[in-house]
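**Student:** Sequence plus the predicted model coming up.
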Amino acid sequence: MPQPGVDLRLIIIGPGRAGGSIALAAAEAGHEIVGVLSRSTGQGYGPDLVWDEPLPEADLVLIAVRDEAIVDVVERLDTIVGSVGVVAHVSGFVPVRVLHPLQERGVAVGGFHPLQSMPDPVSGSRALRGAFVAIDGDPLALDVLTHLAESLGMTPFHLEDEDRPAYHAAAAAASNFVITSLAIAADLFRSAGVDPAVAQPLVERAVANAYEQGPDRSLTGPIARGDIETVIGHLAAARQVSPTVGDQFLLMAEATTLRAGREEDLDLWK
């Protein structure tokens, strides 16, 4: 395993939001980006490499392309990966076993999925410190990925291939669904002539309550109380904003009703 303070030599494949965030954070931590493979050149993360030419010596190659493209990248790496110690992808959903063909080239393989939102490389690189990261792979891969995680100020935890679908669905619910809920709330606030920013303390307290008391115990509001007429009024207001907002609010209200254990209320306000 690399010793503390020892720099890693990294190659980034697909320096988009996730790959770019990791590249910036790794460089800031003292690691060397020895090459970048991308459809666009000159992004500034490191030397641009050319597909089908042998990769430079590197401790770690991180595949940060969209999930559907990972297998194609593995196939293209097969004949050019000889000077690399570890290849890992940053997907939270795709199993590490898709990288196993590279083991025949003497390469260790693994997965490195930061459990963090990275809307752009600059803010994403800053957000990695303090975040958790799911890792898995061969012993050498685990050593290298653990070293990378800790050097970036991240906390690694182990994730098996068979658990990835549920894990990634959970991550999507914790991040994407929250954003959708906030977007619906923002539409409704604006329709009432209120700045959506006034809800920030409410949102932060609700999230804190969920982690302090558990999501189900911290659920409050008219749905949890069974205030049927209030819920009916909410749905009417949402539909006045637009049919789309009305439909989205209804879906969220239905899910909240089920979480609150008030299934019998569904037919009363729908």
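**Tutor:** Thanks, I have it.
**Student:** Mind pulling the model confidence for residue 75?
**Tutor:** As predicted, residue 75 sits at a pLDDT of 95.
**Student:** meant to ask about residue 172
**Tutor:** pLDDT, residue 172: 95.
**Student:** Check the gap between residue 145 and residue 189 for me.
**Tutor:** 42 Å (C-beta to C-beta, to the nearest Å). Where you see a C-beta, it was placed from the backbone N, CA and C, and this is true even at glycine.
**Student:** These two - which one has more neighbours?
**Tutor:** Higher neighbour count among residue 145 and residue 189: residue 145, with 25 against 15, using other C-beta atoms under 10 Å.
**Student:** so where does that one fall, helix or strand?
**Tutor:** helix 139-151 (DSSP states H and E).
**Student:** With only the CA atoms kept, save the following helix or strand past that helix in CSV.
**Tutor:** Sequence order places strand 155-158 as the next helix or strand after helix 139-151, per DSSP H and E. Extracted C-alpha coordinates of strand 155-158, given in CSV (Å, rounded to 0.1, in the frame of the first residue of the first chain):
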residue,chain,number,x,y,z
THR,A,155,-14.0,8.1,4.6
PRO,A,156,-14.0,4.8,2.6
PHE,A,157,-16.4,2.0,3.3
HIS,A,158,-16.7,-1.4,1.6
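**Student:** Strand 155-158 pairs with which strands?
**Tutor:** Strand 155-158 has the following strand partners under DSSP bridges: strand 132-137 (parallel).
**Student:** tell me the angle the strand it pairs with makes with helix 139-151.
**Tutor:** 160 degrees (axes from the mean of the first three to the mean of the last three C-alpha atoms, to 10 degrees).
**Student:** low-scoring stretches of the chain, by residue?
**Tutor:** 1-6, 42, 270 (pLDDT under 70).
**Student:** Pretty sure residue 87 sits against residue 102.
**Tutor:** Yes. Here residue 87 reaches residue 102: they are 5.4 Å apart, a contact under C-beta atoms under 8 Å.
**Student:** okay, and the common contacts of those two?
**Tutor:** Shared contacts of residue 87 and residue 102, defined by C-beta atoms under 8 Å, 6 or more residues apart in numbering, comprise 77, 81, 109.
**Student:** a markdown table please, covering these and showing neighbour count.
**Tutor:** As requested, the shared contacts of residue 87 and residue 102 are arranged in a markdown table below (neighbours: other C-beta atoms under 10 Å):
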| residue | neighbour count |
| --- | --- |
| 77 | 24 |
| 81 | 19 |
| 109 | 24 |
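**Student:** re the thing from before, packing partners of the helix holding residue 145?
**Tutor:** In this structure, helix 139-151 makes packing contacts with strand 58-63, strand 84-89, strand 108-115, strand 132-137, strand 155-158, judged by 3 or more C-beta pairs under 8 Å, 6 or more residues apart in numbering; DSSP states H and E.
**Student:** Go ahead and name everything in contact with the fourth one.
**Tutor:** Under the contact criterion C-beta under 8 Å, 6+ apart, strand 132-137 has outside partners 86, 88, 92, 96, 108-116, 142, 145-146, 149, 154-161, 167.
**Student:** can you rerun that using 6 Å?
**Tutor:** For strand 132-137, contacts defined as C-beta atoms under 6 Å, 6 or more residues apart in numbering pick out 96, 109-115, 145, 149, 154-156, 159.
**Student:** okay, among the residues you listed, which ones form the most distant pair?
**Tutor:** Greatest spatial distance among those (C-beta to C-beta): 109 and 155, at 22.0 Å.
**Student:** quick one: which of the contacts of strand 132-137 has the most company?
**Tutor:** Neighbour counts for the contacts of strand 132-137 (other C-beta under 10 Å) peak at residue 112, which has 30 neighbours.
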